[in-house]
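S.K.: 3D, please:
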Amino acid sequence: MKKYFFSMLAIAMFSISSTGINAQPYLDIISVKYANSPNTGFQNRNGNTVKLKYLSAGTNLPIQFNNKRDAVIFSPFFENWSSKINNNHRQSYYSIALPVTLSKTVPFTKWAVLLTGIIRMNDSNINQKTKMQVGGAFMVSNKRNEKLTWKLGIYLNNELFGVFVMPLAGIDWKINARNTLFGVLPGNLTYEHKINEHFYYGANFRAITNSYGNTNGYWRIDENQLGIYLDTYMNKNFVLNVEAGHSVLRKIRTGVKGISKYDAAVKDNFYVKACFAYRVRFKKKN
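M.R.: Alright, predicted model coming up:
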């Protein structure tokens, strides 16, 4: 039973990474992440001081179809942002979300589709009064060869500041046996280099846009990060990821939907991030 379970994960993971929004050569079955961004940086130093902390925990649970190429993936997660601007009191915002993804190949072609639906509750206090956000993404991918896959799609979400729509363009490129480039812009892009079975390093870009309810309306964060990372595998599956970098064009805003907006004009800062995960990697042809 255990052997069958991990075989199912590996096959479903291949579908996710070949056609998914987060196209990557692995799947984190369970992960916990923590990031800290103190008021220290080297660009955009004329804004207001800001300190950010981030915590999240999530899982990916794939259910494989009988054809062993398609899958439905349940990816529930929890996250928390904590911010302190100037000398004001620290504010915290929470999210509970359930993305559900259908990964489907088109028979006898090099095409595949991915459809994701997302429901989430984002607020300074999760309770019965918290408004539900509903969104999703649609993406098509074309496998050019065994090493390269292109992707195009669209993402939309009913944010608290209005409907947020974003076109998507992705790549999954195995450059050679040790180097891989994968991701979907503008959301994320990762370069990975394999040193050996226990160590990988690379560079990351990610762009995050989220909105959270509060007593006066909403709190919005646009967090763009550029960093370098090291993955250390303690055994075949347990991995510790550490990353350091700098935010780029960070924005924190508040407002009332359709009425008013206020830009806190915060600084860009360094950040450090750590992630501990149970990860399953899959092998690609060279």
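S.K.: which helix or strand contains the closest residue to residue 243 other than its chain neighbours?
M.R.: Among residues not flanking residue 243 along the chain, residue 229 sits closest, at 3.8 Å (C-beta to C-beta, 6 or more residues apart in numbering). C-beta: built from backbone N, CA, C; applies to glycine. Assigned by DSSP states H and E, residue 229 belongs to strand 217-233.
S.K.: what's that strand packed up against?
M.R.: strand 199-214, strand 238-247, strand 251-256, strand 270-281 (3 or more C-beta pairs under 8 Å, 6 or more residues apart in numbering; DSSP states H and E).
S.K.: please work out which residues outside the shortest one touch it.
M.R.: Contacts made with strand 251-256 from outside it, assessed by C-beta atoms under 8 Å, 6 or more residues apart in numbering, are listed as 50, 83, 85, 161, 214, 216-222, 261-264, 266.
S.K.: list buried residues within those.
M.R.: Neighbour-count burial (16 or more other C-beta atoms under 10 Å) is assigned, among those, to 50, 83, 85, 161, 217, 218, 219, 220, 221, 264, 266.
S.K.: from these, pick the one nearest residue 130.
M.R.: Among those, residue 218 lies closest to residue 130 (C-beta to C-beta), at 12.0 Å.
S.K.: what is the closest one paired to in the beta sheet?
M.R.: Beta bridges link residue 218 to residue 213, residue 255, judged by DSSP bridges.
S.K.: didn't the residue nearest to residue 243 look like it was pressed against residue 203?
M.R.: Yes: between residue 229 and residue 203 there is a contact under C-beta atoms under 8 Å: 7.4 Å.
S.K.: okay, those two: which has more neighbours?
M.R.: residue 229 (19 against 16; other C-beta atoms under 10 Å).
S.K.: helix or strand right after the worst-scoring helix or strand of the chain on mean pLDDT?
M.R.: Within the chain, confidence by mean pLDDT, DSSP states H and E is lowest for helix 2-19 among all helices and strands, at a mean of 38. Per DSSP H and E, the first helix or strand lying C-terminal to helix 2-19 is strand 26-37.
S.K.: pull out the buried positions in that following strand.
M.R.: Neighbour count says strand 26-37 has 26, 27, 28, 29, 31, 33, 35, 36, 37 buried, by 16+ other C-beta under 10 Å.
S.K.: quick check: closest non-adjacent residue to the fourth one.
M.R.: Which is residue 29. Leaving out its chain neighbours, residue 29 is closest to residue 278 (C-beta to C-beta, 6+ apart), at 4.8 Å.
S.K.: what's the separation between the one you found and residue 160?
M.R.: Relative to residue 160, residue 278 is positioned 33 Å away (criterion: C-beta to C-beta, to the nearest Å).
S.K.: who has more neighbours out of the two?
M.R.: Using other C-beta under 10 Å as the criterion, residue 278 and residue 160 rank with residue 160 on top: 22 against 13.
S.K.: quick one: the more buried one and residue 122 touch, right?
M.R.: Yes: counting by C-beta under 8 Å, residue 160 touches residue 122, with 7.3 Å between them.
S.K.: spit out the residues that contact those two alike.
M.R.: With C-beta under 8 Å, 6+ apart as the test, residue 160 and residue 122 both reach 133, 211, 212, 213.
S.K.: wait, which of those residues is closest to residue 127?
M.R.: Of the shared contacts of residue 160 and residue 122, the one sitting nearest to residue 127 (C-beta to C-beta) turns out to be residue 213, at 10.5 Å.
S.K.: what's around that closest one, how many residues?
M.R.: So residue 213, with other C-beta under 10 Å, has 20 neighbours.
S.K.: need the contact list for it.
M.R.: The neighbours of residue 213, taking C-beta under 8 Å, 6+ apart as the test, are 122, 123, 124, 130, 131, 160, 219.
S.K.: could you do residue 158 as well?
M.R.: 133, 134, 135, 164.
S.K.: how much space separates it from residue 98?
M.R.: Residue 158 is 15 Å from residue 98, by C-beta to C-beta.
S.K.: residue 122 too?
M.R.: 13 Å.
S.K.: more neighbours, those two?
M.R.: Neighbour count, other C-beta under 10 Å: between residue 122 and residue 98, residue 122 has more, with 24 against 13.
S.K.: thinking the more buried one is in contact with residue 93, fair?
M.R.: Yes: applying C-beta under 8 Å, one finds residue 122 in contact with residue 93, separated by 6.9 Å.
S.K.: alright, that wraps it up for me.
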